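>>> A predicted structure for the sequence below; I have some questions about it.
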Amino acid sequence: MAVPKRKVSKARGRSRVANWKASVPTLVECPQCHAQKPAHVACPECGYYDGEKKILVASDKKKDKK
């Protein structure tokens, strides 16, 4: 098993850890309602994915009750 010969200095270790950053999620425009949504995910605003209605949205549920 590999074991380091010497202690890694604080500066070297911390600079290595400092490069782990959170990235901003990529958003695309929904072709149905033009809202911003994550790619390859059903739109949370209208419920469409790949041109078909896939999920019920809160606004759809309100319309069904009336």
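Yep, it's here. Every value quoted in this text rests on a predicted model; they were computed, and no experiment measured them.
>>> contact partners for A2?
A2 is in contact with no residue at all, counting by C-beta atoms under 8 Å, 6 or more residues apart in numbering. For every residue, glycine as well, the C-beta is placed using N, CA and C.
>>> before we move on, what SS does the residue nearest the centre of the chain have?
Residue closest to the mean C-alpha point of the chain, counted by C-alpha atoms, centre = their mean, is P25 at 4.9 Å. Secondary structure assignment for P25 (DSSP: H, G, I helix; E, B strand; the rest coil): coil.
>>> just the pLDDT for the residue nearest to it when sequence neighbours are not counted.
Leaving aside its chain neighbours, P25 sits nearest to P38 (6.0 Å; criterion: C-beta to C-beta, 6 or more residues apart in numbering). pLDDT recorded at P38 is 95.
>>> before we move on, the earlier item: next one: the residue nearest to the centre of the chain from Q36, what distance?
Taking C-beta to C-beta, to the nearest Å as the measure, P25 and Q36 are separated by 10 Å.
>>> I appreciate the help and will end here.
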